[in-house]
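1. Pasting the sequence and the predicted model now:
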Amino acid sequence: MCPVPTKTAQAAERPRTGERIMAAINRDPLTAPHAVRNDAILAVCTAVLATAVALLVDQGRRPDALGWTLLLAAHVPLAWRRRRPLPVLLLVLVPVVPYHALDNNHGAPVAGSMVALYTVAVTSAPRRTLTVGALVIGTTLTMNALTNPDGFVELLRITGWVVAVLFLGVDVRFYRQYVAAIVERAERAERTREEEARRRVAEERLRIARDLHDLLAHSITLIGVQTSVAAHVLAADPERLDRGAVAKALDDIAGTCRTARGELRTTLEVLRANGGPSDTRGPLAGLDGLPDLVEAARLAGARVEPAVRVAGPVPPAVGAAAYRLVQEALTNAVRHAGPEPAVRVDLREEDGALRLSVTDDGTGPAPGTTPGFGLVGMRERARSVGGTLDAGPRAGGGFRVTATLPLTPATTREGTGTG
């Protein structure tokens with residue numbers, strides 16, 4: 001027993017049918033699938049219609065054998081109407097013209113002729129359509145004048161049909177172009193959104209990698225130096241152990257670990273898929289954190305002289321970038337400048353920009369060592385707020401890092417470079 005389709009299923013089927021019909025209307029006829037097969041079916045249908053009209057309408061002009069041959073031959077080219085629209089129209093007119101000249105039933109070939117004419121109008125440029133329309137109307141008027149000189153009403157009717165079919169084809173062509181333009185813009189917008197999403201993901205990954213590098217490199221370097229101090233105190237004279245110095249070194253290590261753990265938690269908040277409110281990440285590290293950096297570098301053995309001359313508050317993104325640049329510069333000085341390097345940190349506000357300079361008198365990295373990502377990350381961080389950075393050996397010895405970070409809102413991007 002066959003199941004009876006429910007009303008719900010029938011209602012669900014109707015939109016699909018409507019969508020298919022609209023897709024067929026909007027589809028470019030030159031790229032439609034199964035074009036020859038479908039056009040062959042259309043040619044047969046129009047031939048059957050022409051035969052019915054020739055037999056049932058105006059029986060006084062029923063075609064003879066030659067007329068039937070010309071009538072049916074006019075419908076054969078329609079099977080290729082979408083492949084070669086203009087040649088098909090010409091091949092249709094070749095038998096239709098003598099068919100009308102022999103004064104056969106004039107209504108029989110109208111359907112096939114209009115199909116060929118519509119195909120030319122819907123697939124050709126407007127100028128070509130107008131030229132073809134003028135040619136068809138001129139031919140029609142000539143044949144009507146020869147076969148029916150007094151048929152003024154018939155003349156108007158034929159001309160009206162030709163003009164209507166031409167306008168219909170041109171209108172459908174413009175409509176399809178309009179739909180294609182909308183689809184193309186939607187696809188382009190979708191591609192743009194995907195590219196923008198990928199770009200944002202790449203920027204976020206780069207920012208997180210840069211923050212992790214700055215944080216871990218700084219913290220691990222300080223922990224390494226402080227551990228070396230504790231080990232030196234333990235190994236220097238075990239019989240006269242300075243417990244206070246060892247305890248201070250261990251306390252410094254513990255403090256560095258706590259600070260690093262807090263900053264690491266703040267930085268990794270962006271990776272949580274179901275994180276809490278946006279304010280759970282805490283404030284951005286800024287210029288107010290520079291004293292802690294200076295103190296940590298001093299505990300690691302560096303002789304740091306800070307000079308901060310900034311009149312007012314700076315944008316959070318610029319403050320965070322300056323903090324990270326100083327942090328990385330001090331870390332490099334502690335690692336590569338040698339024992340107890342003299343480091344000068346200078347920040348000043350000048351000409352609408354924050355100018356930063358970190359110099360040391362050390363020996364620099366050992367020759368042959370593999371460069372890390374520190375300088376690359378510093379340049380990327382400066383560029384993230386519209387600034388520039390230069391770094392390299394000094395002429396009189398040591399290393400120098402300089403950066404210029406704009407303070408204007410047009411060049412800063414809030415929220416870049418979280419701590």
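-> In hand now; what should we look at?
2. Give the residue spans of the stretch 251-400 of the chain that score low on pLDDT.
-> Residues of the stretch 251-400 of the chain that meet the criterion pLDDT under 70 lie in 266-284, 364-373.
3. rerun at 90
-> Filtered on pLDDT under 90, the stretch 251-400 of the chain yields the residue ranges 251-343, 348-353, 360-386, 391-400.
4. where exactly do the strands run in it?
-> 303-309, 342-350, 353-360, 388-393, 399-406 (DSSP state E, counting those that start in this stretch).
5. can you dump the C-alpha coordinates of the shortest one into CSV?
-> It refers to strand 388-393. Coordinates of each C-alpha in strand 388-393 appear next as CSV, following Å, rounded to 0.1, in the frame of the first residue of the first chain:
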residue,chain,number,x,y,z
THR,A,388,58.9,52.2,14.7
LEU,A,389,61.9,50.5,16.4
ASP,A,390,65.6,50.4,15.8
ALA,A,391,68.1,48.1,17.6
GLY,A,392,71.7,47.4,17.3
PRO,A,393,75.2,47.8,18.7
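6. residues of that strand that come out buried?
-> Buried residues in strand 388-393, counting neighbours by 16 or more other CB atoms under 10 Å, are found at 389, 391. For glycine as for every other residue, the C-beta is placed from the backbone atoms N, C-alpha and C.
7. Which strands border it, and is each parallel or antiparallel?
-> Paired neighbours of strand 388-393 in the sheet (DSSP bridges): strand 399-406 (antiparallel).
8. One more: the first one?
-> Strand 303-309 has the following sheet partners, assigned by DSSP bridges: strand 342-350 (parallel).
9. Now do the partner strand: distance to the chain's middle.
-> Mean-position distance between strand 342-350 and its chain equals 42 Å (CA atoms, centre = their mean, to the nearest Å).
10. And stretch 101-120, by the same measure?
-> 50 Å.
11. same check, this time on stretch 50-69
-> Centroid displacement of stretch 50-69 relative to its chain, using CA atoms, centre = their mean, is 61 Å.
12. for the record, mean pLDDT for it?
-> Mean per-residue pLDDT for stretch 50-69: 85.
13. Also stretch 139-159?
-> Mean pLDDT, stretch 139-159: 68.
14. For it, measure first residue to last.
-> 11 Å (CA to CA, to the nearest Å).
15. list the contacts for Val115?
-> By CB atoms under 8 Å, 6 or more residues apart in numbering, the residues touching Val115 are 42, 46, 78, 81.
16. What separation do you get for it and Ala35?
-> For Val115, the distance to Ala35 (CB to CB, to the nearest Å) stands at 14 Å.
17. CA atoms of stretch 351-366 as PDB?
-> Provided in PDB are the C-alpha atoms of stretch 351-366 (Å, rounded to 0.1, in the frame of the first residue of the first chain):
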ATOM      1  CA  ASP A 351      56.000  65.900  19.400                       C
ATOM      2  CA  GLY A 352      52.900  63.800  20.100                       C
ATOM      3  CA  ALA A 353      54.900  60.500  20.400                       C
ATOM      4  CA  LEU A 354      56.400  58.400  23.200                       C
ATOM      5  CA  ARG A 355      60.100  58.100  22.600                       C
ATOM      6  CA  LEU A 356      61.800  55.100  24.300                       C
ATOM      7  CA  SER A 357      65.500  54.400  24.600                       C
ATOM      8  CA  VAL A 358      67.300  51.500  26.400                       C
ATOM      9  CA  THR A 359      71.100  51.400  26.300                       C
ATOM     10  CA  ASP A 360      73.700  49.300  28.000                       C
ATOM     11  CA  ASP A 361      77.500  49.100  28.100                       C
ATOM     12  CA  GLY A 362      77.700  45.300  27.900                       C
ATOM     13  CA  THR A 363      79.500  43.100  25.400                       C
ATOM     14  CA  GLY A 364      76.400  41.900  23.500                       C
ATOM     15  CA  PRO A 365      75.500  38.300  22.600                       C
ATOM     16  CA  ALA A 366      78.300  35.900  22.000                       C
END
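18. which residues are in contact with it?
-> By CB under 8 Å, 6+ apart, the residues outside stretch 351-366 that reach it are 302, 310, 314, 318, 322, 325-326, 329-330, 333, 335-338, 341-349, 371, 387, 393-394, 397-408.
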